[in-house]
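Asker: Here you go, sequence then predicted model.
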Amino acid sequence: MRSPTAEQYERWYLRDCARCGRHAGKAANWSDGPICRTCLDKATRTRGRCPGCGTDRLPPGRRPDGTPICRDCAGITRNFFCDRCGFEGRLHTGRLCERCTLADKVTATLDDGTGRINPALTPLAEA
């Protein structure tokens with residue numbers, strides 16, 4: 001398979017971000033339009049009370065006036081809940097949140113060869 005030409009790449013992958021206006025690769029297409037990776041990361045690291053439904057959660061969506069709202073009120077179908085702990089936020093490998101991803105990496109690094117953390121290193125892992 002051939003790589004796309006510069007014109008094809010421009011047409012297929014790049015968009016003006018609906019939030020910051022930057023011409024970049026589209027990371028999501030939400031109710032307010034195409035979103036770049038920078039704006040997606042910012043939206044998935046912010047928490048607050050949704051003025052639409054009153055819940056305290058991730059507000060990645062936007063009202064027409066720019067007010068942040070939750071994904072349900074914005075009509076965003078993408079799920080931001082960690083498959084392990086259920087925390088709503090930025091997801092990493094295996095659809096896990098930052099805390100679960102870090103816990104897996106710490107466990108793998110401090111593994112004593114039995115699949116468990118060396119007891120002497122448990123306080124370090126808990127910190």
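Answerer: In hand now; what should we look at?
Asker: can you give me the helices for the protein?
Answerer: All helices of the chain, identified by DSSP state H, fall at 6-13, 37-43, 71-74, 98-109, 122-126.
Asker: closest one to Arg84 among those helices?
Answerer: Among the helices of the chain, the nearest to Arg84 by C-beta to C-beta is helix 98-109 (4.7 Å). All C-beta atoms are positioned from the backbone trio N, CA, C, and that covers glycine.
Asker: Now render the helices of the chain as TSV, adding mean neighbour count.
Answerer: Shown next, in TSV, are the helices of the chain (neighbours: other C-beta atoms under 10 Å):
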stretch	mean neighbour count
helix 6-13	10
helix 37-43	17
helix 71-74	18
helix 98-109	14
helix 122-126	11
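Asker: Format these as JSON lines; extra columns: distance to Gly89 and mean pLDDT.
Answerer: Putting these into JSON lines (distance: least, C-beta to C-beta, whole Å; pLDDT from 0 to 100) gives the following:
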{"stretch": "helix 6-13", "distance to Gly89": "26", "mean pLDDT": "87"}
{"stretch": "helix 37-43", "distance to Gly89": "10", "mean pLDDT": "94"}
{"stretch": "helix 71-74", "distance to Gly89": "12", "mean pLDDT": "94"}
{"stretch": "helix 98-109", "distance to Gly89": "7", "mean pLDDT": "91"}
{"stretch": "helix 122-126", "distance to Gly89": "21", "mean pLDDT": "86"}
